[in-house]
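Participant: Sequence first, then the predicted structure, then my questions.
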Amino acid sequence: MKNKKEDGMQQIDDAKRTFLSGENFYAQHLLGAHQERDGYIFRVWAPNALAVFLVGDFNGWQDQAMEKDEENGIWHVYTEAPKEGDLYKFKVRQADGREILKIDPFAVRFEKRPGDAAELYSFPEKKWKDGLWRGRNKRSNAFKRPLNIYEMHASSWKHHEDGTPYSFADLKEELIPYLVKMNYTHVEFMPLMEHPLGRSWGYQLIGYFALSSYYGTPEEFQDFVEACHLNNIGVFVDWVPGHYCINDDTLPYYDGTPQFEYTDPDRAKNNRWGSINFDLGKPQVQSFLISSAMFWIEMFHIDGIRVDAVSSMIYRDYDDGPWTPNHEGGNRNFEGYYFLQKLNAVIKLAHPNVLMIAEESSSETPITGMIETGSLGFDFKWNMGWMNDVLRFYEMDPVFRKDHFNLITFSFMYMMQENFILPLSHDEVVHGKKSLMHKMWGDRYKQFAQLRNLYTYFMVHPGKKLLFMGSEWGQFLEWKFDEGLEWTDLNDSLNQSMQHFTAELNTFYKEQTALWELEDSYDTIEIIDADNTGESVLTFMRKGKRKKDFLIIVLNMTPIERREFHVGVPYPGTYKEVWNTEMKEFGGTWTKHNEDCQSEPIKFKEYGQLIKTTVPALGAIILKPESVNTRK
C-alpha cells in the first residue's frame, strides 16, 4: 500500500500530467503559491526558460533558484521564509538570456495598482448560507423565467466623498437594497479579475484567479454574492478568455517564447484592442483558462459567466491586422471554436445551472444550444443586431421613421435563432456615442417620453434583458469609468420619475408570465400589425401558456397622439389598459388610464374583432383581456 506521502506525490504527478494534456480544471491547486508544512511551495510553468528565480519580501528580492521538471516545464521551490501578506514575483531568464520579473499567473491576490506583485494570501473557508437560492435554481428553468440584468462597472457606481470608489463591502450595504428596490433579478459586473489599467474597464487582464484588489478583498466579494442570493438576486461576472494585457512583466512571452500566445505573430497580436491573444489550441492554456472559470464559479458561487469578445475567438479575420486562412482556406479559428465548446461542456457538466453567456456579434456560427448540433454550447447570446437597429431607430427624427420601420421589426424574423439577451450595455454609452437619454430625439420632455417608449419595447420584445447602470433614471452624461454616476440627477423630478418608471416596468415584467413563460418558442408572440409605417405604430401580442394569458402592446413612434386607434384582437370581450408610459407618475401628463375597451365584431387584418383606444404621442400602452370569450 502507498503511504500518505506517496499518495500526495502521485496526486501532484497526475495534476502535472493533466495540466499538460488540457484536462486539469483545477490547475490553481498545482501552480502558484501554496502553504506546505511550515512554509510555501511555489510552482510556475515556463517550459523554455533558461532559469527561474523566486524573489520577494521574504528574501529581500534576491534571487532564489527554482528547480525545473524537464518533463513538463514546471519550476518549483520550497521555502520556509515567506509569511502571509508577503509580495513576490518570478524572475525569468528567458530563452534569449534576457531576465525579467514576471507575475505569478496563478496568484489569487495582487498588490494594489500601480504595482502588480502577487501577495501570499489564503482564503478562509466560508460557510455559505445561500443553499435555498442554489437549490431553487436547480429546480427551475432559466429559459422560462424572468431574467432582468443590471450591468455594472463595480468601481464607478458610487464614490465616497473623498473620491475613492466603493468596495464590495460598501456595495453590499448600498447596492443590494437598490437592486431590490429597482426589482432586478440579476446583477452583472464588468470584469473583476486583476487588471493594471482602469481605462481598460477590466477587459485586459493579468490575474485570472484574483479579484482586483481595487475592489476589496475576496472575502468581501463572497459576502456580497451571498447577500445577493439571500435577497433573490443572481450574480454574473464578465470574463475574458480570448486576449490579455500586453504588459511585458505579465503573461506575454512569459518564458521568452510564445507560451500563452500563438506562435504566428499575426495571430498572437490583437491590433484592435492592443493586447495579446491566447493560443486556445494549446492544452496548457486550456487548463489555465477553464480552471479560472471553475475557480470563479466555485469560490464565489457566481450564477453565470459572460464570455467577452467571442467573435474574436472564432474568426481569424475579426481583427484589423493581417490574417492567414485556416487549413481549409476559410476564416474559422478552429482552436477558439473547439475551446469554447470544451469550456461549455466542462462547465455545464460540473455546474449545469450556471449560465454561460456569449458577447458575440456575427450570425455565421450557432452560439447557443446543444454542442452536438454544431453550436458552441452557450445558454444565451447578446443580441447585438437588435441593439444596433433599435438605437439607430430611436435616435432618428420621427418624420423619417416610417421609411425605416424595419429597424424595429426585422428582429422578429430571427429572434428564435438563438437564446437572446437584449443588451442596452456599457458599450453604447461611451466614446462619444452619448447616453441612452441623450440619444433620444427632441427636447428634454420628448427624450424622456421616448426613453420610456424604448424601455417598454425592450421589456416586451422576446429575449432576456440587460440595462447599464445610470440608464435606469436617464443619466444624460456619458459613463465615465473613473467617476461615480451622476446621482445628483435624481434631484430633478423628471429623473426621479424615470427611475420610478424603470422600477415599475421591472416589476411588471416579473409579474407578467406572458413576457417570459414561452419565450423560447414562437408561440410567445403574435404580430398584429407591423406594416403601419404611415402612422409608425407597431402592435403585437405576447402570450403565456394559458389561453387568456396574453398582452397587447401598442407602440407609437411619432409625436402625434393617435385617437380612436384600431387594434385587432383575438377574442370578443373587454380589454383593460395595464400599462401607459405617459402616466403622470412616470413623468408624463396623463392622470388616468384609457377606459376599458369593448371589442367590436369588425374585421381587422386576420382578426374578427377590434378595439379602439388612444395611444399617447411617443408613448406605449399595454392592454390585457379583462373579460373575453375564448370560445368565439
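Facilitator: Looks like it arrived, so ask away.
Participant: For the helix or strand bottoming out on mean pLDDT in the chain, name the packing helices and strands.
Facilitator: Using mean pLDDT, DSSP states H and E, the weakest-scoring helix or strand in the chain turns out to be helix 4-21, at a mean of 86. On a contact count with 3 or more CB pairs under 8 Å, 6 or more residues apart in numbering; DSSP states H and E, helix 4-21 meets helix 283-300. To be clear about C-beta, it is placed using only N, CA and C from the backbone, and glycine gets the same treatment.
Participant: got the CA positions of the helix it packs on in CSV?
Facilitator: Extracted in CSV, the C-alpha atoms of helix 283-300 (Å, rounded to 0.1, in the frame of the first residue of the first chain):
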residue,chain,number,x,y,z
PRO,A,283,-3.6,22.2,-23.9
GLN,A,284,-1.9,24.0,-21.0
VAL,A,285,-3.7,27.3,-21.9
GLN,A,286,-7.0,25.3,-21.9
SER,A,287,-6.2,24.0,-18.4
PHE,A,288,-5.3,27.6,-17.3
LEU,A,289,-8.5,29.2,-18.6
ILE,A,290,-11.0,26.6,-17.7
SER,A,291,-9.5,26.4,-14.2
SER,A,292,-10.0,30.2,-14.0
ALA,A,293,-13.7,29.9,-14.9
MET,A,294,-14.2,27.0,-12.5
PHE,A,295,-12.5,29.0,-9.7
TRP,A,296,-14.8,31.9,-10.0
ILE,A,297,-17.9,29.7,-10.1
GLU,A,298,-16.9,27.6,-7.1
MET,A,299,-15.0,30.1,-4.9
PHE,A,300,-17.6,32.9,-5.3
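Participant: contacting residues for the closest residue in space to Glu23 that isn't next to it in sequence?
Facilitator: In space, and not counting its chain neighbours, Glu23 is closest to Ser287: 7.0 Å by CB to CB, 6 or more residues apart in numbering. Contacts for Ser287 were tallied using CB atoms under 8 Å, 6 or more residues apart in numbering; they are 18-25, 27.
Participant: How are the helices of the stretch 1-150 of the chain distributed by residue range?
Facilitator: 4-21, 131-139 (DSSP state H, counting those that start in this stretch).
Participant: And the first one, how far out from the chain middle?
Facilitator: What that stands for is helix 4-21. 35 Å (CA atoms, centre = their mean, to the nearest Å).
Participant: what do you get for the shortest one?
Facilitator: Relative to the chain's own centre, helix 131-139 is displaced by 21 Å; criterion: CA atoms, centre = their mean.
Participant: does the residue lying closest to Gln417 once chain neighbours are set aside sit in a helix, a strand or a coil?
Facilitator: Distances taken as CB to CB, 6+ apart put Ser363 closest to Gln417, at 7.7 Å, once the chain neighbours are dropped. Put simply, Ser363 is coil when judged by DSSP: H, G, I helix; E, B strand; the rest coil.
Participant: Ser363 reaches Gly385, doesn't it?
Facilitator: Yes. If you go by CB atoms under 8 Å, Ser363 and Gly385 touch, sitting 7.4 Å apart.
Participant: Now do the shared contacts for the two.
Facilitator: Tyr414.
Participant: These two: who's more crowded?
Facilitator: Gly385 (15 against 12; other CB atoms under 10 Å).
Participant: Now do the contacts for that one.
Facilitator: Per CB under 8 Å, 6+ apart, neighbours of Gly385: 361, 363, 410-411, 414.
Participant: how about 7 Å then?
Facilitator: Contacts for Gly385 (CB atoms under 7 Å, 6 or more residues apart in numbering) come out as Ser411.
Participant: quick one: the helices in the stretch 351-500 of the chain?
Facilitator: 384-395, 406-409, 436-439, 444-460, 493-511.
Participant: so what's Val77 bridging to?
Facilitator: Phe42 (DSSP bridges).
Participant: Tell me the spacing between it and Arg43.
Facilitator: 8 Å (CB to CB, to the nearest Å).
Participant: okay, those two: which has more neighbours?
Facilitator: Arg43 (21 against 18).
Participant: Next, count neighbours for Asp223.
Facilitator: Neighbour tally, Asp223, other CB under 10 Å: 16.
Participant: next one: phi and psi at it?
Facilitator: As for Asp223, its main-chain torsions (degrees, to the nearest 10) stand at phi -60, psi -40.
Participant: if I pick Asp248, what's in contact with it?
Facilitator: Contacts of Asp248 (CB under 7 Å, 6+ apart): Ile100.
Participant: hmm, try it at 6 Å
Facilitator: Listed by CB atoms under 6 Å, 6 or more residues apart in numbering, Asp248 has no contact partners.
Participant: mind putting the helices of the stretch 351-500 of the chain in a markdown table, distance to Asn270 and mean pLDDT included?
Facilitator: Listed next are the helices of the stretch 351-500 of the chain as a markdown table, based on distance: least, CB to CB, whole Å; pLDDT from 0 to 100:
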| stretch | distance to Asn270 | mean pLDDT |
| --- | --- | --- |
| helix 384-395 | 19 | 96 |
| helix 406-409 | 31 | 97 |
| helix 436-439 | 29 | 97 |
| helix 444-460 | 32 | 97 |
| helix 493-511 | 36 | 98 |
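Participant: and of those helices, who's closest to Arg542?
Facilitator: In terms of CB to CB, the element of the helices of the stretch 351-500 of the chain nearest to Arg542 is helix 444-460, at 5.8 Å.
Participant: what about stretch 308-325, average pLDDT?
Facilitator: Mean pLDDT, computed over stretch 308-325, is 94.
Participant: what residue ranges in this structure score low on pLDDT?
Facilitator: Scanning the chain for pLDDT under 70 picks out 1-6, 632.
Participant: Centroid-nearest residue for it?
Facilitator: Among the residues of the chain, the one closest to the centroid is Arg306, at 4.1 Å (CA atoms, centre = their mean).
Participant: so which of the helices of the stretch 351-500 of the chain gets nearest Thr524?
Facilitator: helix 444-460 (10.6 Å).
Participant: quick one: the closest one to helix 384-395, angle?
Facilitator: Helix 444-460 runs at 160 degrees relative to helix 384-395, counting by axes from the mean of the first three to the mean of the last three CA atoms, to 10 degrees.
Participant: mind listing what's buried in helix 444-460?
Facilitator: By neighbour count with 16 or more other CB atoms under 10 Å, helix 444-460 contains the buried residues 447-460.
Participant: Return the distance of the helix or strand harbouring Ile621 from the chain's centre.
Facilitator: Per DSSP states H and E: Ile621 is located in strand 620-628. Distance of strand 620-628 from its chain centroid, counting by CA atoms, centre = their mean, is 34 Å.
Participant: quick one: strands adjacent to that strand?
Facilitator: strand 550-556 (antiparallel), strand 573-580 (antiparallel).
Participant: can you list contacts of the last one?
Facilitator: Applying CB under 6 Å, 6+ apart, the set of residues contacting strand 573-580 from outside is 593-594, 596-599, 611, 621-629.
Participant: now the first one
Facilitator: Strand 550-556 is contacted by residues 457, 460, 514, 537-543, 562, 615, 619-624 when judged by CB under 6 Å, 6+ apart.
Participant: picking up where we left off before, any chance of the helices of the stretch 1-150 of the chain in CSV with distance to Gly484 and mean neighbour count as columns?
Facilitator: Formatted as CSV, the helices of the stretch 1-150 of the chain follow (distance: least, CB to CB, whole Å; neighbours: other CB atoms under 10 Å):
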stretch, distance to Gly484, mean neighbour count
helix 4-21, 42, 14
helix 131-139, 29, 12
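Participant: Tabulate these (a markdown table), appending distance to Pro570.
Facilitator: Below are the helices of the stretch 1-150 of the chain laid out as a markdown table (distance: least, CB to CB, whole Å):
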| stretch | distance to Pro570 |
| --- | --- |
| helix 4-21 | 58 |
| helix 131-139 | 33 |
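Participant: how about those helices, which one is nearest Asp116?
Facilitator: Taking these one by one with CB to CB, helix 4-21 is closest: 23.8 Å.
Participant: and the angle for that closest one with helix 283-300?
Facilitator: 120 degrees.
Participant: i'd like the first residue to be 680 from this point on
Facilitator: With the count now opening at 680, the last piece we talked about shows up as helix 683-700.
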